[in-house]
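**Student:** using only what follows, build the 3D model:
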Amino acid sequence: MIQQSQLAKAKMSQKEEMETSKRAFEENKPFVEQMTKIRDGLATKEINLFRINEALDSGNVKTWQNFMADYFDNEFIRSAEGAELLSATKEEFLSDMQQMPSGTRLNQYLEKNMREALQTIGKNVESNRIITRFQEFKHDLNKEKLKIYDNTRNKYLDKGLEPPRNLQFMVDDQLKEYTNKKQKEFTKDVKDIRSGKIKSSGGLALEDARKRVKGLPSEPGTVWMLAPDGNTYPIPKNKVKEMQSKEGGIILQ
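**Tutor:** Residues are numbered from 1 along each chain as shown. I've put the predicted structure just below:
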């Protein structure tokens, strides 16, 4: 009788664990699908951001040639950089749409405003760069979120367990510190763009420059700076202000 009672309890416990695991699976399913869409779109996002920055860096986007192409609806007279920007922003819009819930239908007003929120030949260079930097900011957050998600989820899956039903909360909680850091960087970059410090290199170049010098100490008495040509240099501290005002250099550390 004791053995039968223990067996019954074990079966009951196993049943409860299976039910708990099933509920966790169902509750986490939308979040898992969301992260899968983000993963599938990472490569496309990287390419689109690169293309957009290349077009903006060319200085051949906001031109009469491109305005006339829009006015006469004639793509043959559009500059190559203008065509590249339009193509990349279209891909970016479609990429954003793919990350929305299946079956989502945008009305014309909402779709028009979403498109107008992207880079266009009619906007000035600063506005287009700020839009691009915001896209890069979101892209960086998604990459970090996906990294945290994989690490957290795999800790349970490797043990043959279903992640708990608050998986999304666990991921978002770990993402807070990184988000705060990137917000500060984004705010500074926007100020640098508006003040003209970022002229020829887009936000990705700035981010890449920061990564290149991360953990790499500069020579004594110098700091790492990003020059308008996209290269990084160790600049003497007493020359930093001069580089910022005359050359548009940006401190990286």
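**Student:** what is the burial count for the closest residue to residue 91 other than its chain neighbours?
**Tutor:** Excluding its sequence neighbours, the residue lying closest to residue 91 (CB to CB, 6 or more residues apart in numbering) is residue 48, at 5.1 Å. For glycine as for every other residue, the C-beta is placed from the backbone atoms N, C-alpha and C. Using other CB atoms under 10 Å, residue 48 is surrounded by 23 other residues.
**Student:** element containing residue 48, please.
**Tutor:** For residue 48, the host element (DSSP states H and E) is helix 2-58.
**Student:** show the average pLDDT along that helix.
**Tutor:** Model confidence over helix 2-58, given as mean pLDDT, is 77.
**Student:** same deal with stretch 143-151?
**Tutor:** Taken as a whole, stretch 143-151 has a mean pLDDT of 93.
**Student:** ok, and what's touching that stretch?
**Tutor:** The contact list for stretch 143-151 (CB atoms under 8 Å, 6 or more residues apart in numbering) reads 35, 38, 39, 42, 167, 171, 172, 174, 175, 178.
**Student:** just the buried ones from those?
**Tutor:** Among these, the ones that count as buried by 16 or more other CB atoms under 10 Å are 35, 38, 167, 171, 174, 175, 178.
**Student:** the third one contacts residue 28, doesn't it?
**Tutor:** Read that as residue 167. Yes - at 4.9 Å, residue 167 counts as touching residue 28 under the criterion of CB atoms under 8 Å.
**Student:** check which helix or strand the most centrally placed residue in the chain maps to.
**Tutor:** Nearest residue to the geometric centre of the chain (CA atoms, centre = their mean): residue 139, 0.9 Å. Element membership for residue 139, per DSSP H and E: helix 125-157.
**Student:** re earlier: report the separation between the residue nearest to residue 91 and residue 180.
**Tutor:** To residue 180, residue 48 is 26 Å away according to CB to CB, to the nearest Å.
**Student:** mind listing what residue 46 touches?
**Tutor:** Contacts here follow CB under 8 Å, 6+ apart; on that basis residue 46 touches residue 139.
**Student:** please report the distance of it from residue 67.
**Tutor:** For residue 46, the distance to residue 67 - CB to CB - is 30 Å.
**Student:** what number of residues lie near residue 45?
**Tutor:** 21.
**Student:** also residue 166?
**Tutor:** Residue 166 sits with 13 neighbouring residues when counted by other CB under 10 Å.
**Student:** what does residue 44 give?
**Tutor:** Neighbours around residue 44, by other CB under 10 Å: 14.
**Student:** so what's it closest to, chain neighbours aside?
**Tutor:** In space, residue 44 comes closest to residue 95 once its chain neighbours are excluded; the distance is 5.2 Å by CB to CB, 6+ apart.
**Student:** got the contact list for the one you found?
**Tutor:** Residue 95 makes contacts with 41, 44, 45, 48, as judged by CB under 8 Å, 6+ apart.
**Student:** and it, helix, strand or coil?
**Tutor:** On the three-state scheme (DSSP: H, G, I helix; E, B strand; the rest coil), residue 95 is labelled helix.
**Student:** that one and residue 132: what is the separation?
**Tutor:** Distance from residue 95 to residue 132, by CB to CB: 14 Å.
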